[in-house]
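> quick one, what's the 3D model for this:
(one chain, ligands or ions: 1)
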Amino acid sequence: MGYIILIVVLAVLIVGIGGTMLLRPRGTRGIARRRGGGDLGTGSGTGTLEREAPAGTEEGTGTATAPPRPATPAERPAPPEPALEKPPPSAGRMVRLRARLARSQSGFGSALLSLLSRERLDDDTWDEIEEVLITADVGVTPARQIVSDLRTQVKVEGTRTPDEVRSMLRAELLAQVETPASRALRTQRHEGRPAVILMVGVNGTGKTTTCGKLARSLIGDGESVVLGAADTFRAAAADQLQTWGDRVGAEVVRSDREGADPASVAYEAVSQGIETEADVVLIDTAGRLHTKTGLMDELGKVKRVIEKRTSVDEVLLVLDATTGQNGLRQARVFAEVVDVTGIVLTKLDGTAKGGIVIAVQRELGVPVKLAGLGEGPDDLAPFDPATFVDAILGD
Ligand code: GDP
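The predicted structure is shown next:
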């Protein structure tokens, strides 16, 4: 009888230990995939927190033999999911936000209009016009080009009504802002894989905010998005991105360790996007401009590692429009280390003078694709040259 009891006890212990081994979670270097609550048709509709424990931990064993311990954050009951927001589509946003643009830009436009409306346009007046353009961050070479074009037109056409002056200036500014390259974002899935967008730029320019706003806008346009929090050097960046993702149901792939390898987070994010058949994977990167070589190594590695799974479709450089020449210097450094495919100009609602659009496009040879026009979640718009120029002229 004693033998039978001993055998039963041993059997129970063996089954318990075996179960413990089977239940141990697979580790992935502390990288977690957290899902926002909505059903986007990408398998992210559970609204639960799904996190894999770092390798070598005992998290998740749950046997009777384990000593009692406080619940880990992953085990605590999740707070009720807030309702998902339904962001508006991106179309027509620049027109809707035009008033903000006008508030900060029209100073330069009205100064130009009043100078060009003078009865006599002598050399001093043309110099003043050039100065206004340079002060508005247009850059010396484009400013001279604009003055020379306008001078020729005035000479040919003679006297001008105020309407003619305005339309002449409008056409000239538009010619400077327009580019042959398309401003459309490449967000189409290809070869059965999601489109990948890398967001680069110096910290503080609005990179993380832009990732969040862009994810919202893509979701508003009916796409599914995975966000990769590869800015692992700024403690708050991953939390910031998580908040953006949670609001609209974009899955966020992040590391729980500050200073983790950005490339491995980017790799996991892209892998997750492929697995869940997302439309777009958007990756926020660290923007430490320590040294050019350091930046090159970091961004180069992120890109190389992603390319083990798929191609990078867009590298968007985020620039703070209020920083003028300093912003241009940053743009130059980034363009030397990575192939920038588009520019996002943030804070165009602020004290920015607008001319930077012309200067930066000329400097990098790539178009401004998006404009940041405020801190609100839907204050990011596809850049539209005509709306921009009309705002400058106060139309
Ligand atoms: P990061 O360090 O480049 O990731 O910068 P953040 O995304 O944290 O943004 C820095 C600050 O800029 C935050 O306070 C944002 O709200 C603000 N910001 C970002 N874009 C815009 C914009 O288009 N307009 C304004 N006014 N503020 C912005």
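
> mind giving me the packing neighbours of the host helix or strand of Arg151?
Taking DSSP states H and E as the definition, one finds Arg151 inside helix 140-157. Using 3 or more CB pairs under 8 Å, 6 or more residues apart in numbering; DSSP states H and E, the elements in contact with helix 140-157 are helix 123-135, helix 162-177, helix 356-364. In this view, the C-beta of every residue, glycine as well, is placed from N, C-alpha and C.

> out of those helices, which is the most enclosed?
helix 356-364 (a mean of 22; mean count of other CB atoms under 10 Å).

> could the C-alpha coordinates of that one be exported in CSV?
Extracted in CSV, the C-alpha atoms of helix 356-364 (Å, rounded to 0.1, in the frame of the first residue of the first chain):
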residue,chain,number,x,y,z
ILE,A,356,13.1,76.0,-46.0
VAL,A,357,10.8,73.9,-48.2
ILE,A,358,12.6,75.3,-51.2
ALA,A,359,16.0,75.1,-49.7
VAL,A,360,15.9,71.6,-48.4
GLN,A,361,14.4,70.1,-51.6
ARG,A,362,17.1,71.7,-53.5
GLU,A,363,19.8,70.6,-51.1
LEU,A,364,18.8,66.9,-51.0
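
> the helix holding Arg151 - what's its average pLDDT?
What helix 140-157 shows for mean pLDDT is 94.

> what of stretch 236-243?
So the average pLDDT for stretch 236-243 ends up being 94.

> buried ones in it?
Ala237, Ala238, Gln240, Leu241, Gln242 (16 or more other CB atoms under 10 Å).

> how about stretch 174-189?
Those would be Gln176, Val177, Arg183, Leu185, Arg186, Thr187, Arg189, for stretch 174-189 by 16+ other CB under 10 Å.

> shaky segments in the stretch 201-350 of the chain?
289-290 (pLDDT under 70).

> which positions in it make contact with the ligand?
Proximity of the stretch 201-350 of the chain to the ligand, by CB under 6 Å from any ligand atom, involves residues 201, 203-209, 237, 287, 346-347, 349-350.

> kindly recompute the last result at 5 Å.
Asn203, Gly204, Thr205, Gly206, Lys207, Thr208, Thr209, Thr346, Lys347 (CB under 5 Å from any ligand atom).

> give me the buried entries from those residues.
Thr205, Gly206, Lys207, Thr208, Thr209, Thr346, Lys347.

> what's the most distant pair in the residues you listed?
Thr208 and Lys347 (14.0 Å; CB to CB).

> ok, Ala335 - how many residues close by?
Using other CB atoms under 10 Å, the number of residues around Ala335 comes to 18.

> again, but for Ser110
Based on other CB under 10 Å, the number of other residues close to Ser110 is 13.

> that one against Gly394, yeah?
Yes - counting by CB atoms under 8 Å, Ser110 does reach Gly394; the two are 5.8 Å apart.

> next, the closest residue to Ala181 other than its chain neighbours: phi, psi?
Leaving out its chain neighbours, the residue that sits closest to Ala181 by CB to CB, 6 or more residues apart in numbering is Pro367, at 5.0 Å. Pro367 adopts backbone torsions of phi -80, psi 150, taken as degrees, to the nearest 10.

> and the residue of the stretch 1-150 of the chain nearest the ligand?
The ligand sits closest to Arg100 of the stretch 1-150 of the chain, with a gap of 8.6 Å, by CB to the nearest ligand atom.

> which residues of the stretch 151-300 of the chain fall in helices?
In the stretch 151-300 of the chain, the helices defined using DSSP state H, counting those that start in this stretch lie at 162-177, 207-220, 235-248, 262-275, 292-306.

> I'd like the buried ones among the residues of the stretch 201-350 of the chain next to the ligand as JSON lines, with distance to Arg170 appended.
Formatted as JSON lines, those follow (distance: CB to CB, whole Å):
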{"residue": "Thr205", "distance to Arg170": "30"}
{"residue": "Gly206", "distance to Arg170": "29"}
{"residue": "Lys207", "distance to Arg170": "33"}
{"residue": "Thr208", "distance to Arg170": "36"}
{"residue": "Thr209", "distance to Arg170": "31"}
{"residue": "Thr346", "distance to Arg170": "25"}
{"residue": "Lys347", "distance to Arg170": "24"}
